[in-house]
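>>> Got a predicted structure here, sequence first:
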Amino acid sequence: MFNVDERVKNIIIFNTFVFCQVVNDFNSRKLENKKMFEGPHKNRLFMGIIGMTVILQIVMVEVLNDFADTEKVNWGQWEICIAIATLSWPIGWIVKLIPVPEMEDC
């Protein structure tokens, strides 16, 4: 697909998966709120976890090649991973437009 060998292709898939999870963390903070970026900067724990996830992913792919059995990827491949992951933002926003009926207490 990207005209690369199988190991690099697997790293691209893994990277995309991790960044999709980061995007999902923002999407799922407040399920009823369509403003995904409203307030996360006020939660230091949340931002710390997001920051550490991104930093650890970069270190694992770019530095810990032998330990993590990964392959370095170039800037274009990083951009592809992040671009594919960001596609889930509008998808999450569209899903939040679907009305959900209130549930009665049992």
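Here it is on my side, so go on. Numbering: from 1, shown residues only.
>>> how about low-confidence regions in this protein?
1-2, 30-39, 105-106 (pLDDT under 70).
>>> one more time with 90
Judged by pLDDT under 90, the chain has its weakly predicted residues at 1-11, 23-43, 46, 61-62, 64-74, 88-106.
>>> mind checking the longest helix of it?
Criterion DSSP state H: the longest helix present in the chain is helix 6-27.
>>> Export that one to CSV, keeping only CA atoms.
Only the C-alpha atoms of helix 6-27 are listed here, as CSV (Å, rounded to 0.1, in the frame of the first residue of the first chain):
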residue,chain,number,x,y,z
GLU,A,6,6.3,-5.6,5.6
ARG,A,7,8.0,-4.5,8.8
VAL,A,8,7.6,-0.8,8.0
LYS,A,9,4.0,-1.4,7.0
ASN,A,10,3.3,-3.1,10.4
ILE,A,11,4.8,-0.1,12.2
ILE,A,12,2.6,2.3,10.2
ILE,A,13,-0.4,0.2,11.2
PHE,A,14,0.7,0.1,14.9
ASN,A,15,1.4,3.9,14.9
THR,A,16,-1.9,4.6,13.4
PHE,A,17,-3.7,2.5,16.0
VAL,A,18,-1.9,4.3,18.8
PHE,A,19,-2.8,7.7,17.5
CYS,A,20,-6.4,6.6,16.8
GLN,A,21,-6.5,5.8,20.5
VAL,A,22,-5.2,9.2,21.4
VAL,A,23,-7.9,10.8,19.2
ASN,A,24,-10.5,8.5,20.8
ASP,A,25,-9.4,9.7,24.2
PHE,A,26,-10.5,13.3,23.2
ASN,A,27,-13.7,12.0,21.5
